[in-house]
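Novice: pasting the structure only:
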C-alpha cells in the first residue's frame, strides 16, 4: 500500500487535490476535516476534540495499514514549529512503514491571496461546515501566519519520497498529475 501525507497551510488545496488523486489512482482520501467535522458539534475546537481526532485517526491508520487498500491520501495542516505535529507525523509514518507500506510526502504551498480565495470555494464549504463562517475562517487563516510555520524550510523534510509543489497557478488535476508522475503512481484506469 501507498500512504500519501498531503500537507500544507489552510485552503492551499489539499482536499481538492486529494479528490483528484482519489479519482485518478483509486487511492482513498481521508481528509483531515473528516474527524474534525465529526467531533466539532460535541466538543468545539477544544483540546479534547483534537485529542479524540488524533485517536480516531491513529486507530484508522492502524487498521488501514494492514488492509487490502491500494493507497490512502491523508491531508494534514502540519505546524513545523510545533513538536507535537512532528511527533504525530512520525507516529503515522511508523504505523504504515512497520506494516511494510510505502510513505510519500507531498507538500503544497500557494500565495496568501490565492488561499484566501480558495477559502471561499463552494466545494470547501460543502465538505467543511466549520469553515462556513468565511470571515472567521479567513481571520484564522491570516492569524495562523503570525504564530505557525505551515510550510517547511529547504532541507527540513529528509525523505526520498518527497515533493513540494507551488500550486498557486495550477489546477488540481495538474497537481495530481505531477504527483503521479513524480512517484510513478499508475492511473486507476491503466491496465
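Specialist: That came through fine. Being a predicted model, the structure only gives us computed values, none of them experimental. Residues are numbered from 1 along each chain as shown.
Novice: pretty sure residue 104 is in a strand, no?
Specialist: Yes - assignment of residue 104 by DSSP: H, G, I helix; E, B strand; the rest coil places it within a strand.
Novice: please report how far it lies from residue 53.
Specialist: Distance of residue 104 to residue 53, given as CB to CB, to the nearest Å: 22 Å. C-beta: built from backbone N, CA, C; applies to glycine.
Novice: lowest-pLDDT helix or strand in the protein?
Specialist: Of all regular secondary-structure elements in the chain, judged by mean pLDDT, DSSP states H and E, the least confident is helix 122-127 with a mean of 87.
Novice: how about that one: buried residues?
Specialist: By neighbour count with 16 or more other CB atoms under 10 Å, helix 122-127 contains the buried residues 124-125.
Novice: list the residues that contact the most centrally placed residue in the chain.
Specialist: Note on the chain: the residue nearest the mean C-alpha position is residue 75, at 1.4 Å, using CA atoms, centre = their mean. Each residue near residue 75 by CB atoms under 8 Å, 6 or more residues apart in numbering is listed here: 6-7, 14-15, 18, 29-32.
Novice: for residue 23, same thing?
Specialist: Applying CB under 8 Å, 6+ apart to residue 23 gives the contacts 176, 188.
Novice: what's the separation between it and residue 44?
Specialist: Here residue 23 is placed at a distance of 33 Å from residue 44 (CB to CB).
Novice: residue 172 now?
Specialist: Taking CB to CB as the measure, residue 172 and residue 44 are separated by 30 Å.
Novice: these two: who's more crowded?
Specialist: Counted by other CB atoms under 10 Å, residue 172 and residue 44 do not tie: residue 172 has more neighbours, with 18 against 10.
Novice: ok, residue 90 - how many residues close by?
Specialist: When neighbours are counted by other CB under 10 Å, residue 90 registers 10.
Novice: distance check, residue 147 against residue 40.
Specialist: For residue 147, the distance to residue 40 (CB to CB) stands at 21 Å.
Novice: below-threshold pLDDT in this protein: ranges please.
Specialist: Low-confidence regions of the chain, defined here as pLDDT under 70, cover residues 189-191.
Novice: quick one: the strands in it, in order.
Specialist: Counting by DSSP state E, the segments of the chain that form strands are 2-7, 28-30, 71-76, 102-109, 162-166.
Novice: what angle sits between the first one and strand 162-166?
Specialist: Calculated by axes from the mean of the first three to the mean of the last three CA atoms, to 10 degrees, strand 2-7 forms an angle of 40 degrees with strand 162-166.
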